[in-house]
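Student: sequence and predicted model, in that order:
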Amino acid sequence: MEVKKHIYIIRAGDHYYKIGISRRPQKRQYQIDGACPLKTELIYKREFGDNAEFMEKFLHRKFTVERKHIKGEWFFLSEIDVKDIIKYLDAGDLIKFKKEFEE
């Protein structure tokens, strides 16, 4: 049985967030926790299958444009940013997701 791709959000400290893709987000969080000086927590995961790369790249691009990018897949986000991400990811509507975030 194929394990589907998930988008995950890992928090480190108060405002550092990693937005990524993994087939096993809990295992990925464990790997990051071992290398990160801050306590990490897997705060969100959702299976997206083939759409995972689109969603991840879109979120990375959005927060890079907003100058919230730190390094790699790490971003300095507010609680409102994270709540908005989760709201649109949970809606699962790619067209609405893209339109809302581009406004």
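Tutor: Looks like it came in fine. Numbers count the residues shown, from 1 in each chain.
Student: tell me the SS of residue 84?
Tutor: helix (DSSP: H, G, I helix; E, B strand; the rest coil).
Student: going forward, count from 50.
Tutor: Sounds good: first residue 50 from here, last item residue 133.
Student: list the contacts for the spatially most central residue of the chain?
Tutor: By CA atoms, centre = their mean, the mean C-alpha position of the chain lies nearest to residue 68, the distance being 2.6 Å. Counting by CB atoms under 8 Å, 6 or more residues apart in numbering, residue 68 makes contact with 56, 57, 58, 105, 108, 109, 112, 122, 124, 134. (Glycine included, C-beta is placed from N, CA and C.)
Student: same list (the residues you listed) but as a markdown table, adding distance to residue 88.
Tutor: Below are these laid out as a markdown table (distance: CB to CB, whole Å):
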| residue | distance to residue 88 |
| --- | --- |
| 56 | 22 |
| 57 | 16 |
| 58 | 15 |
| 105 | 24 |
| 108 | 23 |
| 109 | 24 |
| 112 | 22 |
| 122 | 18 |
| 124 | 18 |
| 134 | 21 |
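Student: follow-up on the earlier one: the nearest residue to the residue nearest to the centre of the chain once chain neighbours are set aside: neighbour count?
Tutor: Nearest residue to residue 68 in three dimensions, chain neighbours excluded: residue 108, at 5.1 Å (CB to CB, 6 or more residues apart in numbering). Here the number of neighbours of residue 108 (other CB atoms under 10 Å) works out to 22.
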